[in-house]
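Student: My questions concern the predicted model and sequence given below.
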Amino acid sequence: MMSTLFPALSIKKDDTLPSFAISELNDWALITMVGNDKKSYLHGQVTCDVVALSQNEITFGGHCDAKGKLWSIFHLFHHNEGYALFQRRSSVETELTEIKKYSVFSKVDITISDEVLLGFTGEEAQTWINNNTDSQEDVRTSAFGTFAKIGALQWLLVTTIAQKEELLSSVTEATLCDEELWTLYQLQQAFPQLDSALSNEHIPQAMNLQALGGISFKKGCYTGQETVARAKYRGMNKRAMYLLSGHSEQTPVAGDAIERSVGDNWRKGGVIVSAFRFAGGETIALAILPNDLDEDSQFRLQDSIWEKQSLPYSLDEE
């Protein structure tokens, strides 16, 4: 059912994006973790450094199985009396089961939050947040809940139904729209996300987590660490996530196969992570592909030719 409060926004490729937009993020979810052992327990489970994460910081992270394959990719930050892991809803039930697996031995309570998740985007949104919070940090508390900076001009607000209604009645200048705009921001920054179609398939480096500060190589043991370290120090990782552009009749979805050119032939090349389709059919997508492709490699999806675009960050190891 379409939300009339947050309607779809028609965006053409060269359109200026709204300077202040709010979207309800129904395709995203929050796992929260509270209790005396929350820090040590989580630190031993995930790729990022939980111990070093200060109250006002946010980090990318991943949670792997023992073989280093990802169950989830998330943004981690402090929220209320514990931690919040912001991630895709389609894979959150599986992730909850996996991250709770050893918690019976620890004083920790892990649940999927029923709070409301709102996405704020645009320059005027940034100004509004600055005027309605009492710090300039990447994680801030406010009268409406916790604000966490996800990316450039892109903030998450974790709030309640009552606070959401109060907020929306007071912010008359914002464009309310569905979460496709949020998806566009994610893609422009080439941020990975892990939907259920990709669950337990790829190591963190195949989704560029190391390039975004989501892997600590100094933190010591965590689940899957051996594989992740081997991929870095022995060059065993053969995949990376790339930005592609092309034309599509329907927006590609996570798990869609993409072909790549090999001479005059086409072979399975990789898999779609996420995509955004502009009005008119131009589409950008993130795809996991071999990391040794020729620069002039072409790609095929939905019977049209796609090309690789440059990433907004470097994949070169230090």
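Tutor: Arrived safely. Numbering: from 1, shown residues only.
Student: ok, which stretches of the protein are helices?
Tutor: In the chain, the helices defined using DSSP state H lie at 38-43, 92-99, 123-131, 161-170, 180-188, 225-233.
Student: Give me the buried positions along the fifth one.
Tutor: Buried residues in helix 180-188, counted by 16 or more other CB atoms under 10 Å: Glu180, Leu181, Trp182, Thr183, Leu184, Tyr185, Gln186, Leu187, Gln188. For every residue, glycine as well, the C-beta is placed using N, CA and C.
Student: just for this protein, where's the confidence low?
Tutor: Applying pLDDT under 70 to the chain flags the ranges 1-3, 317-318.
Student: just to revisit the earlier point, quick check, nearest of the buried residues of helix 180-188 to His43?
Tutor: Using CB to CB, Gln186 is the member of the buried residues of helix 180-188 that lies nearest His43, at 26.5 Å.
Student: pretty sure that closest one is touching Ile284, no?
Tutor: No. Using CB atoms under 8 Å, Gln186 is not in contact with Ile284, being 10.4 Å away.
Student: mind putting the helices of the chain in JSON lines, distance to Phe217 included?
Tutor: Putting the helices of the chain into JSON lines (distance: least, CB to CB, whole Å) gives the following:
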{"stretch": "helix 38-43", "distance to Phe217": "14"}
{"stretch": "helix 92-99", "distance to Phe217": "21"}
{"stretch": "helix 123-131", "distance to Phe217": "32"}
{"stretch": "helix 161-170", "distance to Phe217": "39"}
{"stretch": "helix 180-188", "distance to Phe217": "25"}
{"stretch": "helix 225-233", "distance to Phe217": "6"}
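Student: Go through the ones you listed and name the closest to His247.
Tutor: Between His247 and these, the tightest spacing by CB to CB is seen for helix 180-188, at 15.7 Å.
Student: For the spatially most central residue of the chain, which residues are in contact?
Tutor: The centre of the chain sits closest to Gln193, judged by CA atoms, centre = their mean, with a distance of 3.9 Å. Contacts for Gln193 (CB atoms under 8 Å, 6 or more residues apart in numbering) come out as Ile73, Gln87, Arg88, Gln186, Ala254, Val273, Ser274.
Student: So which of these belong to strands?
Tutor: Ile73, Gln87, Arg88, Val273, Ser274 (DSSP state E).
Student: who does the second one bridge with?
Tutor: Beta-bridge partners for Gln87, by DSSP bridges, are Ala29.
Student: before we move on, what about the first one?
Tutor: For Ile73, the beta-bridge assignment (DSSP bridges) gives partners Gly62.
Student: For it, give its distance to Lys101.
Tutor: To Lys101, Ile73 is 18 Å away according to CB to CB, to the nearest Å.
Student: So the two - more neighbours on which side?
Tutor: Remark: of Ile73 and Lys101, Ile73 carries more neighbours, 30 against 11, as counted by other CB atoms under 10 Å.
Student: Provide a list of residues in contact with that one.
Tutor: Phe60, Gly61, Gly62, Gln87, Arg88, Pro192, Gln193, Leu194, Pro204, Met207, Leu209, Gly214.
Student: ok, and the closest non-adjacent residue to Asp134?
Tutor: Of all residues not flanking Asp134 in the chain, Arg140 sits nearest, at 7.3 Å (CB to CB, 6 or more residues apart in numbering).
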